[in-house]
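**Q** this one's sequence-less:
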Ligand SMILES: Cc1cc2nc3c(=O)[nH]c(=O)nc-3n(C[C@H](O)[C@H](O)[C@H](O)COP(=O)(O)OP(=O)(O)OC[C@H]3O[C@@H](n4cnc5c(N)ncnc54)[C@H](O)[C@@H]3O)c2cc1C
């Protein structure tokens, strides 16, 4: 169905916040599964892409394979680990092929969201970045696809005497692609996925690269190709089938690996070491710089296409220091153990500032929402906050797998509301949840990246039962979420539980 452009409209059935990979994916699902709903995507940047547009550091690429990081509905035909540029091209095709562009209002930064139970509407206030003017939108349902970190202010720790450093100090998130690092000494602070991406790129042209890490990371080295996909292509199988089959194969293998990480972490580590030795040589030393203190998979494994980090190490272009920073000096960094690291450029890869719901102030019937006072329903809906869903993907599996899953769920929910004539949906703990433990959102022994653990008090809470957690487990959720009973008593439609008790937010007027 051809949809009308939304460029002058301000009232919608659904507003999607953010034109990153989540927002664009959910727009697709909404168009397919709820063809009569009017919708608009509000995006503060002047273009789509989110994460893949924000980051411009050398070598910027995915860490996941695109067979699973790509949407289930659009085949991926390139190499599995893709550059930001290739991901943006793919997203651009999804937008063009489905006429999603006419539904995006770029340059609109949302500054406030207010729910009214009297009207069953969100009022969403945005600032138009071009001229600073304020525009007010309304919608019945708000779909938060704004990601999980502050796109403008990265996490830069404060170290002593940073201002004395005479070289260039830059966070990877703010990297200017014009920066020239040829022939320079570069120190990279950090050892996660970003560090693993920039190091081999710097190593190609810099005089020397030093990775300064507080603690080691696990690396997974492999060629940047998928044998099965190549073979299927060779024998003439069509791309949609290749996409489906290769996704299934990768998801199966990841599931096996995740289980093995839990049950036999030492054996997995031995295998990861063997892969590294394939690129760095048999004598490569893993102690102390490449032996993490946590279990593989408690944080993302840093992917290393073609073992590039280790090739740089073997070629003598990279050295690794595992230590903390004592102070910056005029010419570099002095570590706690007294080592002097000379640097022309220090590239800080210390991650993000968590931003829950884009740090946008929310009110429900005039009362400010403190997300930490809410309990989340499967990491997507929140007690006391009606008609809102949040897309927070997976970290151990590709984020986008959850975009497709939640796309189906939210569209199913919206259609169910239409079927029963409801205008308001909220989730609430049930009688049987009365003695359920309420816990921090992140299960630290399951998954514990520091940008989440250091800001736990900003995140919603979780309950001990599966429906009140985001368990980071795609393999369970892929069956559990689609089989949800939408008439279950955790769902309250128009303020009334299925058992007839008047429970959720009551309408302010008749
Ligand atoms: C460098 C990097 C590499 C990554 N690699 C992978 C990977 O390989 N695999 C993986 O699974 N995950 C990866 N991730 C996690 C990644 O962020 C997600 O996979 C995914 O791209 C997030 O998409 P998103 O659309 O949910 O959010 P984002 O990409 O963060 O997009 C959110 C959008 O919302 C907009 N927005 C935010 N606030 C407002 C507001 N107030 N008003 C209007 N618009 C707003 C932003 O401008 C942005 O365009 C990576 C993250 C980073 C930072």
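**A** Arrived safely, thanks for sending. Nothing here was measured: the structure is a model prediction, and the numbers come from that model.

**Q** use CA for all of it now, contacts and neighbours both
**A** Noted.

**Q** Tell me where the stretch 201-350 of the chain has strands.
**A** Assigned strands in the stretch 201-350 of the chain, in chain order: 208-213, 219-222, 302-305, 318-322, 325-329, 332-335, 340-342, 345-348 (criterion: DSSP state E, counting those that start in this stretch).

**Q** what packs against the fifth one?
**A** Strand 325-329 makes packing contacts with strand 332-335 when contacts are defined by 3 or more CA pairs under 8 Å, 6 or more residues apart in numbering; DSSP states H and E.

**Q** redo that, cut-off 10 Å
**A** strand 332-335, strand 340-342 (3 or more CA pairs under 10 Å, 6 or more residues apart in numbering; DSSP states H and E).

**Q** which of the ones you listed sits most buried?
**A** strand 332-335 (a mean of 22; mean count of other CA atoms under 10 Å).

**Q** biggest helix in this protein, by residue count?
**A** helix 239-263 (DSSP state H).

**Q** Lowest average pLDDT across the strands of the stretch 201-350 of the chain?
**A** Ranked by mean pLDDT, the strands of the stretch 201-350 of the chain end with strand 302-305 in last place, scoring a mean of 90.

**Q** Contacts made by it with the rest, please.
**A** Outside strand 302-305, the residues that touch it by CA atoms under 10 Å, 6 or more residues apart in numbering are 62-65, 80-81, 191-197, 200, 217-225, 276, 309-310.

**Q** tell me the mean pLDDT over stretch 160-167?
**A** Averaging pLDDT along stretch 160-167 gives 97.

**Q** end to end, how far does that stretch reach?
**A** Across stretch 160-167, the terminal residues are separated by 15 Å (CA to CA, to the nearest Å).

**Q** what does the average pLDDT come to for stretch 95-103?
**A** 98.

**Q** Just confirm yes or no for that stretch near the ligand.
**A** No: on the criterion CA under 6 Å from any ligand atom, stretch 95-103 is out of touch with the ligand, staying 13.6 Å away.

**Q** now do the same end-to-end measure for that stretch.
**A** End-to-end for stretch 95-103, by CA to CA: 10 Å.

**Q** Start at 626, not 1
**A** With 626 as the first residue, the last one maps to stretch 720-728.

**Q** Off-centre distance for that stretch?
**A** Centroid separation for stretch 720-728 versus its chain: 23 Å, with CA atoms, centre = their mean, to the nearest Å.

**Q** For the longest helix of the chain, report the contacting residues that lie outside it.
**A** Contacts for helix 864-888 (CA under 10 Å, 6+ apart): 690-702, 851-858, 861, 889-894, 920-923, 1021-1023, 1071, 1098-1100.

**Q** list the buried ones in the lowest-mean-pLDDT helix or strand in the chain?
**A** Of the helices and strands making up the chain, the lowest-confidence element is helix 1075-1078, at a mean of 74, by mean pLDDT, DSSP states H and E. Within helix 1075-1078, the residues scored as buried using 16 or more other CA atoms under 10 Å are 1076, 1077, 1078.

**Q** Among the residues you listed, which one lies nearest to residue 740?
**A** Of all these, residue 1077 has the smallest distance to residue 740: 27.3 Å, by CA to CA.

**Q** I figured the closest one hits residue 1066, correct?
**A** Yes: taking contacts as CA atoms under 10 Å, residue 1077 lies within contact range of residue 1066: 9.3 Å.

**Q** Would you mind trimming the contacts of helix 864-888 to those in range of the ligand?
**A** Restricting these to those near the ligand - CA under 6 Å from any ligand atom - leaves 694, 1023.

**Q** Now restrict the contacts of helix 864-888 to buried residues only.
**A** For the contacts of helix 864-888, buried by 16+ other CA under 10 Å: 690-697, 699-702, 851, 854, 857, 890, 893-894, 920-923, 1021-1023, 1099.

**Q** domain ranges for this protein?
**A** 628-776+980-1051, 787-973 (automatic domain parsing).

**Q** Check these for me and report the most buried one.
**A** For those, the highest mean count by mean count of other CA under 10 Å goes to domain 628-776+980-1051, at a mean of 20.

**Q** How far off centre is that one?
**A** Here the centre of domain 628-776+980-1051 is set off from its chain's centre by 12 Å, with CA atoms, centre = their mean.

**Q** Determine whether any part of the longest helix of the chain lies close to the ligand.
**A** No: contact of helix 864-888 with the ligand (CA under 6 Å from any ligand atom) is absent, the minimum separation being 12.8 Å.

**Q** and the longest strand for the chain?
**A** The single longest strand within the chain, with elements called by DSSP state E, is strand 759-769.

**Q** Quick check: what element follows that strand along the chain?
**A** strand 793-796 (DSSP states H and E).

**Q** For the helix or strand following that following strand, what is the distance to the chain centroid?
**A** Per DSSP H and E, the first helix or strand lying C-terminal to strand 793-796 is strand 810-814. Its chain's average C-alpha position is 26 Å from that of strand 810-814, according to CA atoms, centre = their mean.

**Q** my guess is residue 719 meets residue 649, correct?
**A** Yes: contact criterion CA under 10 Å: residue 719 and residue 649 qualify, at 8.0 Å.

**Q** which neighbours do the two share?
**A** Common neighbours of residue 719 and residue 649 are listed as 725, 726 (criterion: CA under 10 Å, 6+ apart).

**Q** Show me what from the stretch 976-1125 of the chain comes close to the ligand.
**A** So the stretch 976-1125 of the chain meets the ligand at 983, 1020, 1023, 1024 (CA under 6 Å from any ligand atom).

**Q** Great, nothing more from me.
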